[in-house]
Every structure is written in C-alpha cells, then in structure tokens.
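A.B. asks: take this sequence and fold it.
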Amino acid sequence: MKRVKYIGKTKMDYIVQNNDMDLIPNKIYEIIEETERSYIVIDESGEDYAYPKSFFDLIED
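C.D. replies: Below is the predicted model of the structure:
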C-alpha cells in the first residue's frame with residue numbers, strides 16, 4: 001500500500017491560508033485511494049478525506 005507524509009502547516013500556509021485540517025505534520029498516512037489530483041487518507045478525525053497531493057510527500061518503499 002502506498003504511503004504519504006503530510007508536509008505540515010508551515011509549508012502549507014502558502015498553499016492554503018489558515019488551514020485547520022486534521023493532519024499531523026510529518027506523520028505518515030496510508031493512501032486509501034488516489035485520484036488524479038488527490039490522495040484519500042484517514043485523518044486524525046478517523047474519517048477518510050481527499051486532500052490535494054501537494055499537501056504530501058510520497059514515501060518510497
């Protein structure tokens with residue numbers, strides 16, 4: 001299964017101002033599904049949500 005690492009709020013502020021997502025900086029998340037522009041991951045709320053790929057670094061195994 002593919003995994004991604006959330007790049008964190010500091011880097012995200014220039015993409016999304018005042019983001020308040022349920023993601024932890026530098027935490028690795030498993031990709032549930034991938035679309036052309038987003039990754040669907042289970043965030044800290046326990047729900048699966050689609051987030052733009054630009055929010056993450058892909059983890060190579």
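A.B. asks: can you tell me the closest non-neighbouring residue to Ile59?
C.D. replies: Excluding the flanking residues, the one nearest Ile59 by Cβ to Cβ, 6 or more residues apart in numbering is Arg3, at 4.3 Å. Quick note: C-beta positions are derived from backbone N, CA and C, even for glycine.
A.B. asks: show me the contacts for that neighbour.
C.D. replies: Counting by Cβ atoms under 8 Å, 6 or more residues apart in numbering, Arg3 touches Ile28, Tyr29, Glu30, Ile31, Leu58, Ile59, Asp61.
A.B. asks: for PyMOL, what selects the buried ones among those?
C.D. replies: Selection of buried members from the contacts of Arg3 for PyMOL, criterion 16 or more other Cβ atoms under 10 Å:
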select buried, resi 29+31
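A.B. asks: any chance of the contacts of Arg3 in a markdown table, plus pLDDT, distance to Val41 and secondary structure?
C.D. replies: As requested, the contacts of Arg3 are exported to a markdown table (pLDDT from 0 to 100; distance: Cβ to Cβ, whole Å; DSSP: H, G, I helix; E, B strand; the rest coil):
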| residue | pLDDT | distance to Val41 | secondary structure |
| --- | --- | --- | --- |
| Ile28 | 95 | 10 | strand |
| Tyr29 | 96 | 4 | strand |
| Glu30 | 96 | 7 | strand |
| Ile31 | 97 | 6 | strand |
| Leu58 | 94 | 12 | strand |
| Ile59 | 94 | 12 | strand |
| Asp61 | 67 | 17 | coil |
